[in-house]
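Chemist: Here's a sequence, model it:
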Amino acid sequence: MHVEVLPELVSVPGVAGVWSFATSPSIRRPMFSEGDFRMTVCYLDDEPSVVGERLGPLVDRLWTNAPGPPLLAAPYESLITADWSRVGPPA
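Modeler: Okay, here's the model as predicted:
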């Protein structure tokens, strides 16, 4: 994952960085981490929908060889409370 997949993800234009983590038996708590899961978060420096389109073919290819069924892949934008100019003046 760290040698092949993550470098491929950050090579996509608009991906500024990547963080990957997974459940671990050493810190498992039944009420919080039943099952085995891995999550990869891509930090973007371009519009989420644009980068999502660029990542689509790569994600499709990676999920073809995934050890388990993928659950979710979608671009999201963080809410930045200090930058209200992006949403316009209050109504």
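Chemist: Any idea what the residue sitting nearest the centre point of the chain is bridged to?
Modeler: By C-alpha atoms, centre = their mean, the chain has its centre lying nearest to residue 41, at 2.8 Å. In this structure, residue 41 bridges to residue 19 when assessed by DSSP bridges.
Chemist: and it, how far is that from residue 21?
Modeler: 8 Å (C-beta to C-beta, to the nearest Å). In this view, the C-beta of every residue, glycine as well, is placed from N, C-alpha and C.
Chemist: Next: residue 68.
Modeler: Counting by C-beta to C-beta, the gap from residue 68 to residue 21 is 16 Å.
Chemist: do residue 37 as well
Modeler: Taken as C-beta to C-beta, the span from residue 37 to residue 21 is 9 Å.
Chemist: Same question for residue 36.
Modeler: Applying C-beta to C-beta to residue 36 and residue 21 gives a distance of 12 Å.
Chemist: Pull the contacting residues for residue 40.
Modeler: 5, 6, 9, 18, 19, 20 (C-beta atoms under 8 Å, 6 or more residues apart in numbering).
Chemist: one more time with 7 Å, if that's ok
Modeler: The neighbours of residue 40, taking C-beta atoms under 7 Å, 6 or more residues apart in numbering as the test, are 18, 20.
Chemist: Confirm that residue 16 lies within a helix, as I assumed.
Modeler: No - the secondary structure assignment for residue 16 gives strand rather than a helix, going by DSSP: H, G, I helix; E, B strand; the rest coil.
Chemist: Let me know how buried it is, in neighbour terms.
Modeler: Using other C-beta atoms under 10 Å, the number of residues around residue 16 comes to 11.
Chemist: who touches it in this structure?
Modeler: Counting by C-beta under 7 Å, 6+ apart, residue 16 has contacts 43, 44, 45.
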